[in-house]
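Novice: Predicted model follows, preceded by the sequence.
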Amino acid sequence: MPKTFALIVCTYMRPDAILKLMQSVHEQSLYPHEIHVVDGSTNSTTKTLLERHTFRNLNYVKVDPKDRGLTKQRNIGIDLVSRTIDIVCFLDDDTVLDVDYFKHIIATFNDSTIVGVGGVAVNENRWFKLEKEVVLNSKLYYELEGYGIKESSRNVLRKRFGLQSPLRPGIMPDFSNGRTYSYPLNGKIYAVDLLVGMSFSFRKNIFDALKFSTYFEGYGLYEDADFCLRALKYGKNVINTLAKLNHYHEPLGRPNTYKYGKMVLRNGWYVWRVKYTKPSLKSRCKWHATAMLLTVVRLSNVITTKERKAAFMETLGRVVGWWSLIFNTPKTRL
């Protein structure tokens, strides 16, 4: 069993959120041997707030403006980790941990074939246990091992147009757009391609060969997917449903909706090509058909939601990002 582990938390302008996270770390049944908080904030509020409290093994680092951004800050954090550390854990700054979170994460690495482990956000988990006599409508629900989950409206549309993934959650199909709703809280461990950056941990030795890609600047949407796919060269990624936390999606520090929409298309294309460098014509058609369908769905939110401007700007960003794939195709780095 790995004996030592470090925690890296990259943060930006979220002092109250990271304090809540650190208080939950303080209560852990298994405590990190090192904690590195890598702060890209433009002020000293986070530093001041953390200094008012005592957290064992905490190392706070404020980065220069040129080093701001999730991937850059994660790579800085990795360089701070001691050679004696076996496992490196990453958490988003807007998460709060169950008391046994690290206990279950570290225990999962007893399997020497596993290189990456993720947890489950219980406040976002919509799975429910099925009664024996219940038969769900397969067009509206997805079933797995005695549990069910209601499909979102966009997934119902994807099913209708033959664009839904036939694979389990967290596994990328050949047209990229997979199921993204994690797993039921049944205590099991599931092999996946993709872990979510809010909660993933890796063996330290893979960082001798891998770093987080600087292609993903700033907010870095899908940078976690990119790293997980490249980590598969060294072993399995798994989700341990016993490793529980809450993820609160703090609105501070997020990009504007236009930039977000553009990243959805460009970065989504990028990670697809990391796993499938030469997809078939059918897969390419399904990827673009899915992009078109989801863009139309987002545009419809201009009418169906109160956040009309946000929906319109994200749609515009998606359209611009989509067309930019023709004139400025991303270059994947394996």
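Specialist: Thanks, I have it.

Novice: Point out where this protein drops to low pLDDT.
Specialist: 1-2, 217-220, 251-254, 333-334 (pLDDT under 70).

Novice: where's the residue most central in space within the chain relative to residue 332, distance?
Specialist: Nearest to the mean C-alpha position of the chain, by C-alpha atoms, centre = their mean, lies residue 196 at 2.5 Å. Here the criterion is C-beta to C-beta, to the nearest Å. By it, residue 196 lies 21 Å from residue 332. Heads up, the C-betas are built off the backbone N, CA and C, glycines and all.

Novice: Kindly report the same for residue 199.
Specialist: Taking C-beta to C-beta as the measure, residue 199 falls 25 Å from residue 332.

Novice: Tell me which of the two has more neighbours.
Specialist: Using other C-beta atoms under 10 Å, the more surrounded residue of residue 199 and residue 332 is residue 199, with 25 against 16.

Novice: Name the helix or strand for the nearest residue to that one once chain neighbours are set aside, please.
Specialist: Among residues not flanking residue 199 along the chain, residue 119 sits closest, at 4.0 Å (C-beta to C-beta, 6 or more residues apart in numbering). Using DSSP states H and E, the element containing residue 119 is strand 114-121.

Novice: what about the strands in the stretch 201-334 of the chain?
Specialist: Assigned by DSSP state E, counting those that start in this stretch, the strands in the stretch 201-334 of the chain fall at 236-247.

Novice: And the helices in it?
Specialist: Here the stretch 201-334 of the chain has its helices, by DSSP state H, counting those that start in this stretch, at 223-231, 257-275, 281-304, 308-327.

Novice: Please apply the same query to the stretch 1-150 of the chain.
Specialist: According to DSSP H, counting those that start in this stretch, the helices that the stretch 1-150 of the chain contains are 15-26, 45-51, 70-80, 101-108.

Novice: for those, which one sits closest to residue 211?
Specialist: Among the helices of the stretch 1-150 of the chain, helix 70-80 comes nearest to residue 211, with 5.1 Å by C-beta to C-beta.

Novice: for residue 164, what are its contacts?
Specialist: Applying C-beta atoms under 8 Å, 6 or more residues apart in numbering, one finds that residue 164 lies in contact with 155, 158, 179.

Novice: Going by neighbour count, which residues of stretch 239-253 are buried?
Specialist: Buried residues in stretch 239-253, counting neighbours by 16 or more other C-beta atoms under 10 Å, are found at 239-248, 250, 253.

Novice: Run a quick neighbour tally on residue 96.
Specialist: Neighbour count for residue 96, taken as other C-beta under 10 Å: 20.

Novice: Who is it paired with across the strands?
Specialist: residue 246 (DSSP bridges).

Novice: do residue 9 as well
Specialist: Per DSSP bridges, the residues bridged to residue 9 are residue 37, residue 91.

Novice: show me what contacts the nearest residue to residue 77 once chain neighbours are set aside?
Specialist: Nearest residue to residue 77, sequence neighbours excluded (C-beta to C-beta, 6+ apart): residue 8, at 3.6 Å. By C-beta under 8 Å, 6+ apart, the contact set of residue 8 is 36, 38, 74, 77-78, 80-81, 88-91.

Novice: how close does residue 8 sit to residue 92?
Specialist: 11 Å.

Novice: Likewise for residue 6?
Specialist: 16 Å.

Novice: Then residue 198?
Specialist: Going from residue 198 to residue 92 by C-beta to C-beta gives 4 Å.

Novice: So between those two, which is more surrounded?
Specialist: residue 92 (25 against 21).

Novice: What residues does the residue nearest to residue 199 make contact with?
Specialist: By C-beta under 8 Å, 6+ apart, the residues touching residue 119 are 101, 104-105, 199-200, 239-240, 243-245.

Novice: give me that answer again for 6 Å
Specialist: When contacts are counted by C-beta atoms under 6 Å, 6 or more residues apart in numbering, residue 119 touches 199, 243, 245.

Novice: Residue 189 too?
Specialist: Applying C-beta under 6 Å, 6+ apart to residue 189 gives the contacts 238, 240.

Novice: Look up which residues are beta-bridged to it.
Specialist: Bridge pairing for residue 189 - DSSP bridges - gives residue 240.

Novice: Just give me the neighbour total for residue 312.
Specialist: Here the number of neighbours of residue 312 (other C-beta under 10 Å) works out to 17.

Novice: Tell me, how many residues neighbour the closest residue to it other than its chain neighbours?
Specialist: Leaving aside its chain neighbours, residue 312 sits nearest to residue 302 (5.1 Å; criterion: C-beta to C-beta, 6+ apart). Residue 302: 16 surrounding residues under other C-beta under 10 Å.
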